[in-house]
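Requesting a structural model of the entry that follows:
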Amino acid sequence: MRTPRLVFSAVLGALAVITTVALLVSGGAKGTEAAGNAEIKVVAPTTAQPLNTPFEVTTNLTKFVPTTLQPTWAGWSMQLAYDADVLSISSTDDVTNGGLCGGSWGAAQISPTIIAGCAFSSKTTTGTMERIKFSCKADGRATLHLVTLEEDPIQGTTMFDESAVNIPTDLVDAEVVCGTGVPQPTPTPTSVPPTPSPSPSPQASPSPSPQASPSPSPSPTKTHTATATPTVRTATPTKTATPRATATPTRTPVSQVSPVVGTPVTPRTPVGGVGPGALGPLPRSGDGSFRSERPAYTWLLPGLLAVASLVSAAWAVRERKSS
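Alright, predicted model coming up:
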């Protein structure tokens, strides 16, 4: 729906431009009786319309006088202005073809004015051009005004012929009464001046009478009382030495050892004793202990033998690894 209307609006604009150029070239203008005469009239209800109730308004071609130069009309351009504070219209669907147009008709817009038109006709008859559905939204009177070519040279209201030349057209407006017909005044809030509150009179403030300051009472002194603290004694385990058996070696004379069966026993003389084979008394040191008369080099032979054994064992391990 929107695209055809836009196309038609463009067509109407182009026709209006062509018509204006033709008027300038031919020297014709509205009010000049050069080619004929036509009249477009707005017809509205004559009684007051209730608020918020749809009603119909029509635009009508009420007169057409054919001439030799303009024997027929081809279409029109119509622009209707209205008071949007009193009247309302919902959409372009509320503007419909009245049935007079025999060619292409369309409505281009509804706000701030209504624009509609017809083209590509060839008629001499009169009749209803458009039907428009309005509603009253406020009390008051609204004028339905057909915009003239002087007010809008491109889309002003006029009839034109098949050569796109404007036909001199008279325009007749209408008026609609809504509700009471009297606009209701908008209440203006009145500011009420604040009532001045009485100022309190100054009063003498009573002087405070001197009062004896209370003597501070002595604070009780806290006396700390020693509290007997029980002492907990922990019993410490006492180690009791347990006598151990001491092994005291007892020298047994060789002569008293039981002989092994089959082994002859040679009687020996105790060390330091008297008799055959006796070694004589052992030498004593100055503190009375026995000291050895064996020379120090007697211990060298066992050490050398031990070293030789270690060297021999190391050499054997080395030979084993190399093989």
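
Tell me the strands beside the longest strand along the chain, with direction?
Assignment by DSSP state E gives strand 54-65 as the longest strand of the chain. Within its sheet, and counting by DSSP bridges, strand 54-65 is paired with strand 37-43 (antiparallel), strand 127-136 (antiparallel).

Okay, buried residues for the longest one please.
By 16 or more other Cβ atoms under 10 Å, the buried positions in strand 127-136 come out as 129-130, 132, 134-136. Where you see a C-beta, it was placed from the backbone N, CA and C, and this is true even at glycine.

ditto for the shortest one
Of the residues in strand 37-43, those buried under the neighbour-count criterion (16+ other Cβ under 10 Å) are 37-42.

Check stretch 161-172 too.
For stretch 161-172, the neighbour count (16+ other Cβ under 10 Å) marks 161, 164-169, 171 as buried.

Could you tell me the end-to-end distance of it?
Taking Cα to Cα, to the nearest Å, the first and last residues of stretch 161-172 lie 20 Å apart.

Mind checking the pLDDT average for that stretch?
Mean per-residue pLDDT for stretch 161-172: 96.

quick one: contacts for T72?
Contact partners of T72, counting by Cβ atoms under 8 Å, 6 or more residues apart in numbering, are 66, 122-124, 161-162.

same thing but 10 Å
Contact analysis of T72 by Cβ atoms under 10 Å, 6 or more residues apart in numbering lists 36, 64, 66, 121-125, 161-162, 167.

Relative to F160, how far out is it?
Distance from T72 to F160, counting by Cβ to Cβ, to the nearest Å: 11 Å.

Now list whatever residues contact both of these two.
I167.

Looking only at stretch 49-62, what residues are buried by neighbour count?
49, 55, 57-61.

CA-only coordinates of it, as PDB, when you get a sec.
The C-alpha trace of stretch 49-62 is given here as PDB (Å, rounded to 0.1, in the frame of the first residue of the first chain):
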ATOM      1  CA  GLN A  49     -20.500  16.400  16.300                       C
ATOM      2  CA  PRO A  50     -20.000  14.500  19.500                       C
ATOM      3  CA  LEU A  51     -16.500  13.900  20.700                       C
ATOM      4  CA  ASN A  52     -14.700  10.700  19.700                       C
ATOM      5  CA  THR A  53     -17.300   9.800  17.100                       C
ATOM      6  CA  PRO A  54     -16.400   9.400  13.400                       C
ATOM      7  CA  PHE A  55     -18.100  11.500  10.900                       C
ATOM      8  CA  GLU A  56     -17.700  12.100   7.100                       C
ATOM      9  CA  VAL A  57     -16.500  15.100   5.200                       C
ATOM     10  CA  THR A  58     -16.400  15.100   1.300                       C
ATOM     11  CA  THR A  59     -14.700  17.200  -1.300                       C
ATOM     12  CA  ASN A  60     -16.900  17.700  -4.400                       C
ATOM     13  CA  LEU A  61     -16.600  19.100  -7.900                       C
ATOM     14  CA  THR A  62     -19.800  21.100  -8.000                       C
END
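
For the stretch 51-200 of the chain, which segments count as strands?
According to DSSP state E, counting those that start in this stretch, the stretch 51-200 of the chain carries its strands in the segments 54-65, 75-81, 87-88, 95-97, 104-109, 113-119, 127-136, 140-146, 158-160, 166-167, 169-172, 174-178.

Neighbouring strands of the third one in the sheet, and parallel or not?
Spelled out, it's strand 87-88. Going by DSSP bridges, the partners of strand 87-88 are strand 127-136 (antiparallel).

Specify the angle between the strand it pairs with and strand 75-81 in degrees.
If you take axes from the mean of the first three to the mean of the last three Cα atoms, to 10 degrees, strand 127-136 sits at 20 degrees to strand 75-81.

how near is G127 to K41?
G127 sits 12 Å away from K41, going by Cβ to Cβ.

Would you mind grabbing the residues shared as contacts by the two?
Common neighbours of G127 and K41, counting by Cβ under 10 Å, 6+ apart, are 58, 60-62.

what two of the buried residues of stretch 161-172 are the furthest from one another?
Distance extremes for the buried residues of stretch 161-172: the farthest pair is A164 and L171 at 19.5 Å, using Cβ to Cβ.

partner residues bridging the nearest residue to T47 once chain neighbours are set aside?
Take T47 and drop its neighbours on the chain: the residue closest to it by Cβ to Cβ, 6 or more residues apart in numbering is V177, 7.4 Å away. Assessed by DSSP bridges, V177 has beta-bridge partners R141.

go on, A116?
Here A116, judged by DSSP bridges, has bridge partners M78, A107.
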